[in-house]
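pasted the sequence and its predicted model underneath.
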Amino acid sequence: MAAIDISSLLPPYLNLPPHLSAHKYFFVCTLTVAAWDTLVLSPRSWRLMKTKEWPVLKIVFQVLRYLMPIEFTIVAVAFFDTKFTREMCNKFYLFEPICTMILIALCSSVHVIRIHAIYDKNRALLAGLAAILLVQLAVMAVGSAFFRVIPLKDGQGCIAGPTANWVGIYWAAPTVFYTATFALALNRSIQSLKVKPLSPWKLMLRDGLNLYAAIWIVNMVNVCFWFIVKPTGENDSIKTTVTSMAAVLTTTMTLRIILSVRGSLAQGGSYAGSSVSSSARAASTHVLSSGGRPGMPNPPHPSSFGPTHSSNGIQSNNGVLNIGGAGGAERKASLSHGMGRDGAYTLDEMRDKATKGEWAENGSDGRSSVLEGKEGEAFGVVSAPAAGRGYEGVKVTIDREVDYHGRK
C-alpha cells in the first residue's frame, strides 16, 4: 500500500514551498526588529520631541519613526492574512515598493545632511551626495514600475516580486549611495585620529561607524540576493526575502545616527572628532599662559597663538592681557591702577598682583572658569594665602572652547 503524502491534505496557507516558508519566518524576524526598536527608542524619541527647535533632521526623524512601523504592519497583514485574495493583491502589491522608496529616500537625505556636517559643510561634497541621491530616487522610481504579483495560491499571502533580474537596480542604487556614505564617514574618522588618537573600538562608538556599517552590510546582502540567488520558478519569492529587513534596519540605524548627534541638530549637528584651530578661530580663542606651577602642566606662551579676544572685553596680544569694559569704568580704573598701559599687563604681573592681594574685590567668589583644576584654580594663577575665601586669582568667563597647539 502506497504511503499517503500528508502535506497534500493541508490547506494552501499551511502547505508552503520551502523558500516561501523561510521568507515568512524571516519576515517575522523583521517585524520583531521593527517592534523592538520602536519600543527601545521611545524614551529618546520623546526627549527629542520636547526640544524647542525643529530642524530638518528632527522632522525626518519623526516621519521615519512612524512611517516604518505603519508600512510594515500593513505589509504584514497582506503577507499573513489567509483571506487576502488574488484580486486584492493585484490592487495592493505596489504599496511596499513605493513606500519603501520613500522610506529609503528619507534615510538617504539624513546621510547627506550628516556627512555634509561632519565635513565642515563642504559644498562640493554636498553637491556630489545630492547628485547620487537624485540618481537613486530616479532609479528606484523606475524600478518600482516593474514589480509584479508573485503567483501564490489563495491564503499564501501577497508578495511583490521583480518582472526581470535587472529590476534589482531598485536596491543597487541605494547600496551604492550607502557605500559612499560609509566610506566618507570612515575616512573622516581616520582623519580625526591625527588630532586625537583613539582605539578602534572607541572610534567606532564615538562616530557611529557601526551604524553606517550595519546599513551597508544589510543592503549588500540584499543586492546579492537580487542578482545572485536564482529562483526555482515564477512563484518563488526568494529574491525579495531580505528586502523588508534591509528597509527596517536602514531606517532604525538612521534613526540612531540622528540620535547620536551631539548638541543641536541644526545643519546636521557637529562632529565629535573635530578640532578647532586657534589660527582659524582667533576671534573666539582664549588662552592663559604663564611660567607654570610645580606639578601642573605648562601651556605654551600666548604669543605663539597671535591675538586672542573674549566676549567680556579681554584681549591678549604678544603675551599682554588686556581687561576692560565688562565691569564699567570704575572697575577698569581699579584694575589699571598703578600701571602705565591703561589696563594692560603681562600674565606674570597678573600672578604677582594676585599673590600680593592687590586685586581683591568685594563680591568675588575667587573661582576661575578657565581650565579648573581640583581646587578650581586656573593654570598660571597663584592664590594668595589669605584667611577665609580671600582672593585666589583673576576670574575670566568665556563661552568658547579652549584650544592649545601641540596639546592633545
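That came in fine, so what should we check first?

in what helix or strand does residue 148 lie?
Secondary-structure assignment from DSSP states H and E places residue 148 in strand 147-149.

which is the next helix or strand following that strand?
Following strand 147-149 in sequence order, the next helix or strand is strand 160-162 (DSSP H and E).

buried residues in the helix or strand just after that following strand?
The helix or strand immediately downstream of strand 160-162 is helix 169-192, counting by DSSP H and E. Of the residues in helix 169-192, those buried under the neighbour-count criterion (16 or more other CB atoms under 10 Å) are 169-178, 180-182, 184-186, 188-189, 192. Any C-beta I mention is one placed from the backbone N, CA and C, and that applies to glycine too.

and helix 169-192, what other elements does it pack with?
Applying 3 or more CB pairs under 8 Å, 6 or more residues apart in numbering; DSSP states H and E, one finds that helix 169-192 contacts helix 95-118, helix 123-144, helix 200-207, helix 209-227, helix 243-259.

so which of these gets nearest residue 35?
With CB to CB as the measure, helix 243-259 is the member of the helices and strands packed on helix 169-192 nearest residue 35 (10.0 Å).

what angle separates that closest one from helix 169-192?
Calculated by axes from the mean of the first three to the mean of the last three CA atoms, to 10 degrees, helix 243-259 forms an angle of 30 degrees with helix 169-192.

can you tell me the average pLDDT over helix 243-259?
Averaged across helix 243-259, the pLDDT comes to 95.

quick one: residues in contact with that helix.
Judged by CB atoms under 8 Å, 6 or more residues apart in numbering, the contacts made with helix 243-259 from elsewhere in the structure are 26-27, 29-30, 33-34, 37, 41, 44, 48, 57-58, 60-61, 64-65, 68, 72, 75, 96, 100, 103-104, 107, 110-111, 114, 171, 174, 178, 208, 211-212, 214-215, 218-219, 221-222, 265.

6 Å instead, please
When contacts are defined by CB atoms under 6 Å, 6 or more residues apart in numbering, helix 243-259 is touched by residues 27, 30, 33-34, 37, 44, 57, 61, 64, 68, 100, 103, 107, 110, 208, 211, 214-215, 218-219, 222.

how about stretch 71-84?
13, 31, 34, 92, 96, 99, 155, 157, 158.

which parts of that stretch are buried?
When burial is assessed from 16+ other CB under 10 Å, stretch 71-84 yields the following buried residues: 71, 72, 75, 76, 78, 79, 80, 84.

among these, which are in helices?
Of the positions in the buried residues of stretch 71-84, 71, 72, 75, 76, 78, 79, 80 sit in helices, assigned by DSSP state H.

output the lowest mean pLDDT helix or strand found in this structure.
helix 328-335 (a mean of 45; mean pLDDT, DSSP states H and E).

quick one: strands adjacent to the strand holding residue 148?
Strand 147-149 has the following sheet partners, assigned by DSSP bridges: strand 160-162 (antiparallel).

just for the protein, where's the confidence low?
Along the chain, segments meeting pLDDT under 70 span 1-12, 274-408.

if you set the cut-off to 80 instead, what comes out?
By pLDDT under 80, the weakly predicted segments of the chain are 1-17, 263, 272-408.
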